[in-house]
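> Could you look at this predicted model? Sequence included:
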Amino acid sequence: MTMIDRLAPPGTDRLVTLRDVAVTLGGRAILRDVSLAVHRGEVVTLIGPNGAGKTTLVKALLGLVPLSKGSVTRAPGLRVGYVPQKLKVDPILPLTVARLMTLTQRATRSRVREALAETGVEPLLGASVDGLSGGEFQRVMLARALLRRPDLLVLDEPTQGVDQLGEAALYELIDRVRKEHHCGVLMISHDLHVVMGSTDRVFCINGHVCCTGAPQAVAGDPAFHDLFGAQARAFALYTHHHDHAHDPLSDSGDPGGCGHDHGAQAHGHALPHPHPQGEPGHVE
Amino acid sequence: MLSDFVIRALLGGLGIALVAGPLGCFVSWRRMAYFGDTMAHGAVLGVAFGFSLSLPPLVGVLVVTLALAGLLARMTRSRALGADTALGVMAHSSLALGLVLVALMGIRVDLMGLLFGDVLALSRGDLAWIWGGALVELSLLIVLWRPLLASTVDEDLARAEGIPADKLRLVLMLLVALVVALAMKVVGVLLVTALMLIPAATARAWARTPEAMAVGAALIGATAVVLGLLASLEWDTPAGPSIVVGALTLFVMGGLSRRGWALRRESKMSI
């Protein structure tokens, strides 16, 4: 039994599997030894500092970047709904919300309305994409992904450009969508506090999988309190020290994730990687 | 009564305008203006190439522009050179190379016609080429419209949802190369891009959807052809440049009327 199987909720449909994936872009090693699977009905959240390779991991999963090692297996006929991190519609291209909704597929007007209503932005149907606020745009993008009736929803920082109030509402919405559509969700987030309640498994990424497990398991870990308890600030998450030996075998034999000692001074990283200290007031 | 050569000029110009408009929208959305220009400069080399193999000029142009498009797709993928630099190198070298070759081979080429077009001298054969090519282009644009647009808005998004964005980029380059080859005789290599960009830019001011912009650009381009040809007959000005001036006139009028419209609406709102 591999680590991936052990981490799987029993009896669920596996949508996508990454095995020992490594990605090198422009001669720089971005990711190594990443194994991860997403199943139907679960929310998997990737957290990690800037430049940790979260977006690259998602792109590898979607087949958008070449792998230098490992494999990505998608379930046959898998329908993906993708909300990219940055989608800037150039003003030289006139686009209404209705037209954006049917960008990659046909859909009837009533289905478009339905999807927009689901994310609470139906009145924006005829609006120009230009004039949308950050929160409105993200909700439209989510509705667009839902219109595909996806098996797997991939959200790269879905709360970007959304204020704190809207952020909580958006995570609530994602949780509801997961239940109603019974799809898998893979999501990148910066804020574990907020996603805590609505995610099934967390992967902490920093060029590799630092730790992984159910949020409760991660939360019960002394290392977690080290990371989150002492510092209330959400971004303090990334000031923790990954001072642990990275023996891939011991990692993979650790179903609860984060069982290794984050406080130890021994440092066994095969690749040197910086662990930036979050400056006060540092926001992405 | 319009004479035959005028009717042929009109038909040829309209055929080009109907394709150049929608294609020009993609060229402006994807910021490929300089690419179009490079294809056009390469056409001069194509003419020389065609002569040297005693092929029809259009075939030579097609071969060279398609080769350039393929080469460029390759060069810009590696990203060792900036796209604009790669294009600049190609555009001007192929123009210069074409002119040098023409001189070396001692062939008599109507250089003015090559650079600025000779729409009033279109033959029936030319017309057949133009309309045949235009219909091929239009059908491809219509069939591939949704995936082309999706990959224009965001390549990653399109690819993640199963659209072959890389292939479509190549298809678009080939379509531009083809329209350049077809339009060469109408407005000349130096003005081809104008026929793609100016109608698209004019349509943008009014369009709310990409489809409206594409149809608008086709109609605006067609109007520019009619205006330009009429002006050319009336004042005996060169036809190709007159068509482009016609397009420019529509662009300026469109901008002004939209500005006036916006101002009027503003003043209404303030009351």
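Nice, I can see it.
> what about stretch B:107-123, how long is it end to end?
Separation of the first and last residues of stretch B:107-123 by Cα to Cα, to the nearest Å is 21 Å.
> buried residues in it?
Using 16 or more other Cβ atoms under 10 Å in any protein chain shown as the test for burial, stretch B:107-123 gives B:Val109, B:Gly113, B:Leu114, B:Leu115, B:Phe116, B:Gly117, B:Asp118, B:Val119, B:Leu120, B:Leu122. C-beta: built from backbone N, CA, C; applies to glycine.
> Do you know the pLDDT at B:Val252?
Note for B:Val252: predicted pLDDT of 93.
> scratch that, A:Arg14
pLDDT for A:Arg14: 89.
> burial measure for B:Val252, as a count.
Using other Cβ atoms under 10 Å in any protein chain shown, B:Val252 is surrounded by 11 other residues.
> Could you report the distance from it to A:Val121?
Separation of B:Val252 from A:Val121 (Cβ to Cβ, to the nearest Å): 38 Å.
> and what of B:Gly133?
Remark: distance between B:Gly133 and A:Val121 (Cβ to Cβ) = 43 Å.
> coming back round to it: I'd like the buried residues of stretch B:107-123 as a markdown table, with secondary structure appended.
What follows is these, written out as a markdown table (DSSP: H, G, I helix; E, B strand; the rest coil):
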| residue | secondary structure |
| --- | --- |
| B:Val109 | coil |
| B:Gly113 | helix |
| B:Leu114 | helix |
| B:Leu115 | helix |
| B:Phe116 | helix |
| B:Gly117 | coil |
| B:Asp118 | coil |
| B:Val119 | helix |
| B:Leu120 | helix |
| B:Leu122 | coil |
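> Tell me the one among the residues you listed nearest to chain A.
Checking the buried residues of stretch B:107-123 against chain A with Cβ to the nearest Cβ, the nearest one is B:Gly117 at 27.2 Å.
> Wait, that closest one touches B:Leu191, no?
Yes: when contacts are counted by Cβ atoms under 8 Å, B:Gly117 is listed as touching B:Leu191 (6.6 Å).
> residues shared between the contacts of those two?
Here B:Gly117 and B:Leu191 share the contacting residues B:Gly240, scored by Cβ atoms under 8 Å, 6 or more residues apart in numbering or on different chains.
> A:Cys204: helix or strand, and which one exactly?
Element membership for A:Cys204 (DSSP states H and E) is strand A:201-205.
> How about B:Gly106?
Assigned by DSSP H and E, B:Gly106 falls within no helix or strand.
> cool, and B:Arg31?
Counting by DSSP H and E, B:Arg31 is found in no helix or strand.
> measure it to chain A for me?
8 Å (Cβ to the nearest Cβ, to the nearest Å).
> For burial, what's the neighbour tally of that residue?
Counted with other Cβ under 10 Å, B:Arg31 comes out at 12.
> next one: phi and psi at it?
When read as degrees, to the nearest 10, the backbone of B:Arg31 gives phi 50, psi 50.
> for A:Cys211, same thing?
The phi/psi pair for A:Cys211 (degrees, to the nearest 10) reads phi -160, psi 160.
> and stretch B:34-43, which residues are buried?
Under the neighbour-count criterion of 16+ other Cβ under 10 Å, stretch B:34-43 has B:Tyr34, B:Phe35, B:Gly36, B:Asp37, B:Thr38, B:Met39, B:Ala40, B:His41, B:Gly42, B:Ala43 buried.
> Could you provide those in TSV, with additional columns for pLDDT?
Supplementary listing: those in TSV, determined by pLDDT from 0 to 100:
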residue	pLDDT
B:Tyr34	88
B:Phe35	87
B:Gly36	88
B:Asp37	89
B:Thr38	89
B:Met39	88
B:Ala40	89
B:His41	89
B:Gly42	89
B:Ala43	87
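> Inside strands: which ones of those?
Among those, no member falls in strands (DSSP state E).
> from these, which ones fall inside helices?
Of the positions in the buried residues of stretch B:34-43, B:Tyr34, B:Phe35, B:Gly36, B:Asp37, B:Thr38, B:Met39, B:Ala40, B:His41, B:Gly42, B:Ala43 sit in helices, assigned by DSSP state H.
> which among those residues gets closest to A:Gly63?
Of all those, A:Gly63 sits closest to B:Phe35, with 26.9 Å by Cβ to Cβ.
> What parts of chain A come near chain B?
For chain A, the residues found near chain B under the criterion Cβ under 8 Å from any Cβ of the partner chain are A:59, A:62-64, A:80-82, A:84, A:87, A:89-90, A:92-96, A:99-100, A:102-106, A:128, A:148, A:154.
> Can you say which of the residues you listed are buried?
Buried among these (16+ other Cβ under 10 Å): A:59, A:62, A:64, A:80-82, A:84, A:87, A:89, A:93-96, A:99-100, A:102-105, A:128, A:148, A:154.
> So which of these are in strands?
When those are checked against strands (DSSP E), the matches are A:Val80, A:Gly81, A:Tyr82, A:Val154.
> of all those, which two lie farthest apart?
A:Gly81 and A:Val154 (7.1 Å).
> follow-up on the earlier one: want to throw the buried residues of stretch B:107-123 into CSV with pLDDT and distance to B:Ser257?
Shown next, in CSV, are the buried residues of stretch B:107-123 (pLDDT from 0 to 100; distance: Cβ to Cβ, whole Å):
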residue, pLDDT, distance to B:Ser257
B:Val109, 74, 42
B:Gly113, 83, 35
B:Leu114, 82, 36
B:Leu115, 84, 33
B:Phe116, 86, 30
B:Gly117, 85, 29
B:Asp118, 86, 33
B:Val119, 87, 28
B:Leu120, 87, 31
B:Leu122, 88, 33
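> What is the nearest of the residues you listed to B:Val245?
Looking across the buried residues of stretch B:107-123 and measuring by Cβ to Cβ, the closest to B:Val245 is B:Phe116, at 12.1 Å.
> nearest spatial neighbour of that closest one, skipping sequence neighbours?
Distances taken as Cβ to Cβ, 6 or more residues apart in numbering or on different chains put B:Gly188 closest to B:Phe116, at 3.8 Å, once the chain neighbours are dropped.
> could you list every residue that touches the one you found?
Contacts of B:Gly188 by Cβ under 8 Å, 6+ apart are B:Gly113, B:Leu114, B:Leu115, B:Phe116, B:Gly117, B:Asp118, B:Gly240.
> now do A:Asp20
Contacts for A:Asp20 (Cβ under 8 Å, 6+ apart) come out as A:Asp33, A:Val34, A:Ser35, A:Lys69, A:Gly70, A:Ser71.
> ok, whatever helix or strand it lives in: who's next to it in the sheet?
Secondary-structure assignment from DSSP H and E places A:Asp20 in strand A:14-25. Next to strand A:14-25 in the sheet, as set by DSSP bridges, lie strand A:28-39 (antiparallel), strand A:69-74 (antiparallel).
> any idea which of those is most buried?
Here the criterion is mean neighbour count by mean count of other Cβ atoms under 10 Å in any protein chain shown, and of the strands paired with strand A:14-25 the winner is strand A:28-39, at a mean of 21.
> That strand versus strand A:201-205: what angle between them?
180 degrees (axes from the mean of the first three to the mean of the last three Cα atoms, to 10 degrees).
> next SSE after strand A:28-39?
Moving toward the C-terminus from strand A:28-39, the next element (DSSP H and E) is strand A:43-47.
> now what about that following strand, what contacts it?
Contacts of strand A:43-47 (Cβ under 8 Å, 6+ apart): A:36, A:38, A:54, A:57-58, A:174-175, A:178, A:184-190, A:192, A:195, A:198-205, A:237.
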